[in-house]
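dropping a prediction and its sequence here:
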Amino acid sequence: MRPPGRLPGLRRIPPRLRRVESDVVLFDAWRGKYADSPRAISEELTRRGSPLRQVWVVDGEDPLVPQHVEVVQPSSRAHLAALGRARYVVANSGMPIHWRKKRGQRYLQTWHGTPVKKVAYDIARPQMADAKRYLRHFARDVASWDLLLSQNPFSTSTLKRAFRYDGPVLESGYPRNDAFSDPGAAATRDSVRRSLGLDADSRAILYAPTWRDDALFEPGLDVGALADALAEPTIVLLRAHNNVSRTVAASAHPRVRDVSRVPDVRELVLAADVLVTDYSSMMFDFAVTGRPIVLFAYDLDRYRDDLRGMYLDLEADTPLPVVRSADELVATLGRLDGEAPRYDEFVARFCPREDGHAAARAVDAFFGEGT
């Protein structure tokens, strides 16, 4: 029996692939998607004409991956070899459990959101499967970080404590959100909406609840009934969290689109007219667009008191409408006129550096100015 965490063939990697190569950078988002802040950083390097060789961990085929990028499959021998030779590693979640950082390697952890729900060591009674093993691996991963990105001062202090991390933090905003301030954002929005079958008159409501640690995907409401209750031409875009996206049952409703497998959520944020979420950090990203957000907190008491715990009081710490039932949600969505409520203080607190240049700041800080 091989030791825990060791993959077949690991020792057979030739010595030439074990040494660190100064011009290689490995990107890993959600363990196999071309997405999120790592993608924005990768694109910034390309925009600058960086000579670094970009290797991406991508599960399956993705037509959006550029031709100049080398692709490795998750947990493949090529993936292990790339992990061993890359001078730079950029990821939005932890590395594989068998990875050991070498001397000369640098690891940028972008993370993936301002925390609403408690994370890591702040969770009083972890309910996710194999929580103790997860935290042991997480502690080892954190010890390898050279730089952590943060969206705002609240995240900086919260994540450092929750992760037991005492290394450097770049409070730069999230590179993934640069797309919302890009001059081409309107054209991208139109393109994504066409790909989703949305015409110019469609009102797209993005429903993106977070995941529950003790269950498969829970929509919390009948999404088809929600679409029926809202006047045409409203379309509901259902987006499950990455951790449970593969457990979503297909919907046959003509005005419901399951977009859980769209790799990069920033495209959906651009396409949507309204966001409905619960305790997801997506609320802070969507706020950059200035469009309306409704919080559907149907299980708030259970989630806050029994399941995860929360850092924020949704009603006291946000100006966003908080509803508890499907009827309240329908009524609230019916009252929205397309204009977001004024949440200047909310944006100032949680999105102070979302100005379209977060990727540039991250590249300068991690790879060096002039990269």
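Yep, it's here. Everything numeric here is computed off the predicted structure, so don't read it as measured data.

so, low pLDDT: which residues of the stretch 1-150 of the chain?
Of all residues in the stretch 1-150 of the chain, those with pLDDT under 70 make up the ranges 1-18, 129.

quick one: stretch 107-127 to chain centroid distance?
Relative to its chain's centre, stretch 107-127 lies at 12 Å (C-alpha atoms, centre = their mean, to the nearest Å).

and if you look at stretch 47-61?
Going by C-alpha atoms, centre = their mean, where stretch 47-61 is centred and where its chain is centred differ by 19 Å.

ok, stretch 313-332 next?
Remark: stretch 313-332 is offset 23 Å from the chain centroid, using C-alpha atoms, centre = their mean.

report the buried residues of it.
314, 318, 320-323, 326, 329-330, 332 (16 or more other C-beta atoms under 10 Å). Just so you know, the C-beta spots here come from the backbone N, C-alpha and C atoms, and that holds for glycine as well.

got it, and stretch 252-263?
Neighbour-count burial for stretch 252-263, counted by 16+ other C-beta under 10 Å, picks out 253, 255-260, 262-263.

and for residue 131, the neighbour number?
13 (other C-beta atoms under 10 Å).

brain fart, residue 155
24.

thought it was touching residue 116?
No - between residue 155 and residue 116 there is no contact under C-beta atoms under 8 Å: 10.7 Å.

hmm, back to that, and the buried residues of stretch 252-263, which of them are in helices?
Nothing among the buried residues of stretch 252-263 maps onto helices, per DSSP state H.

quickly list what residue 33 is bridged to.
In this entry, residue 33 is beta-bridged to residue 29, by DSSP bridges.

give the contact list for the most centrally placed residue in the chain.
Computing the C-alpha centroid of the chain and ranking residues by C-alpha atoms, centre = their mean puts residue 112 first, at 4.3 Å. Counting by C-beta atoms under 8 Å, 6 or more residues apart in numbering, residue 112 touches 36-37, 92-93, 281.

can you tell me which of those residues lies nearest to residue 62?
residue 36 (13.2 Å; C-beta to C-beta).

and that closest one, how far is that from residue 178?
In this structure, residue 36 and residue 178 are 12 Å apart, going by C-beta to C-beta, to the nearest Å.

which of the contacts of residue 112 are buried?
Among the contacts of residue 112, those classed as buried by 16+ other C-beta under 10 Å are 36-37, 92-93, 281.

in TSV, list the residues you listed along with distance to residue 78.
TSV is the format used below for these (distance: C-beta to C-beta, whole Å):
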residue	distance to residue 78
36	22
37	23
92	21
93	20
281	32
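
farthest-apart pair in these, please.
Of all pairs drawn from those, the widest gap by C-beta to C-beta lies between 93 and 281 and measures 13.1 Å.

now residue 220. Nearest residue, chain neighbours left out?
Leaving aside its chain neighbours, residue 220 sits nearest to residue 298 (4.7 Å; criterion: C-beta to C-beta, 6 or more residues apart in numbering).

quick one: contacts of whatever helix or strand residue 133 lives in?
Using DSSP states H and E, residue 133 maps to helix 131-142. Helix 131-142 has contacts (C-beta under 8 Å, 6+ apart) with 94-95, 97, 120-121, 123, 126, 128, 163-165.

mind listing the helices for this protein?
Using DSSP H, the helices of the chain run over residues 36-47, 77-85, 131-142, 153-163, 185-195, 223-229, 265-271, 282-286, 300-302, 314-317, 326-335, 344-350, 358-367.

any idea which of these is most buried?
helix 282-286 (a mean of 25; mean count of other C-beta atoms under 10 Å).

pull out the CA atoms of it and give them to me as CSV.
This file holds the C-alpha atoms of helix 282-286, laid out as CSV (Å, rounded to 0.1, in the frame of the first residue of the first chain):
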residue,chain,number,x,y,z
MET,A,282,-20.7,37.3,-4.9
MET,A,283,-22.7,40.1,-3.5
PHE,A,284,-19.5,42.2,-3.1
ASP,A,285,-18.5,41.5,-6.7
PHE,A,286,-21.9,42.2,-8.1
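
not counting that helix itself, show me its contacts.
By C-beta under 8 Å, 6+ apart, helix 282-286 touches 113-114, 116, 151-152, 174, 176-177, 180, 206, 208, 265-266, 269, 272, 275, 277, 293, 295, 318, 320, 350-351.

residue 116 contacts residue 277, doesn't it?
No - assessed by C-beta under 8 Å, residue 116 is found out of contact with residue 277, at 9.2 Å.

low-scoring stretches of the stretch 251-371 of the chain, by residue?
Ranges of the stretch 251-371 of the chain meeting pLDDT under 70: 251, 338-341, 370.

residues contacting residue 48?
By C-beta under 8 Å, 6+ apart, the neighbours of residue 48 are 363, 371.

backbone phi and psi for it, please?
Backbone geometry at residue 48, expressed as degrees, to the nearest 10, gives phi -80, psi 0.

separation between it and residue 360?
Note on residue 48: its distance to residue 360, by C-beta to C-beta, is 9 Å.

CA atoms only for stretch 355-371, dumped as CSV, please.
What follows is stretch 355-371, C-alpha atoms only, in CSV (Å, rounded to 0.1, in the frame of the first residue of the first chain):
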residue,chain,number,x,y,z
ASP,A,355,-11.2,50.2,-10.2
GLY,A,356,-10.2,47.9,-13.0
HIS,A,357,-6.5,47.7,-12.1
ALA,A,358,-6.4,45.0,-9.4
ALA,A,359,-4.7,42.5,-11.8
ALA,A,360,-2.0,45.0,-12.6
ARG,A,361,-1.3,45.6,-8.9
ALA,A,362,-1.2,41.9,-8.2
VAL,A,363,1.3,41.3,-11.1
ASP,A,364,3.5,44.1,-9.9
ALA,A,365,3.5,42.9,-6.3
PHE,A,366,4.1,39.2,-7.0
PHE,A,367,6.1,39.0,-10.2
GLY,A,368,7.8,42.4,-10.0
GLU,A,369,7.0,45.8,-11.5
GLY,A,370,7.7,45.9,-15.2
THR,A,371,6.9,42.2,-15.7
